[in-house]
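1. just the structure for this:
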Amino acid sequence: MATKDVKHIGLRVSPEVHNKLRYLATYEGRTINGQVQYLILQCIREFEKEHGPIDLEEPS
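-> The predicted structure follows:
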């Protein structure tokens, strides 16, 4: 994926959530960013499994 194709998302979390996320990411062999991406993609897959593919052309 080219750098210009990557979007940046700022995310604020409590220190406790950050530490637990870091723990999970390390346990899974990922960076925190990689873990968050994995969780987001998992959420999208579950949504699309239940509701069908998300149509990005359709206004939200």
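2. report pLDDT for Gly34.
-> Listed pLDDT for Gly34 reads 97.
3. how deep is Val36 tucked in, by neighbour count?
-> 16 (other CB atoms under 10 Å). C-betas here are computed from N, CA, C, even on glycine.
4. quick one: contacts of stretch 24-37?
-> Stretch 24-37 is contacted from outside by Leu11, His18, Leu21, Arg22, Tyr38, using CB atoms under 8 Å, 6 or more residues apart in numbering.
5. where does this structure have low pLDDT?
-> Residues of the chain meeting the criterion pLDDT under 70: 1, 60.
6. buried ones only from the contacts of stretch 24-37, please, as a PyMOL command.
-> Command for PyMOL, covering only those of these found buried under the criterion 16 or more other CB atoms under 10 Å:
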select buried, resi 21
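7. ok, the contacts of stretch 24-37 vs Ala2, which is closest?
-> The nearest member of these to Ala2, counting by CB to CB, is Tyr38 at 20.5 Å.
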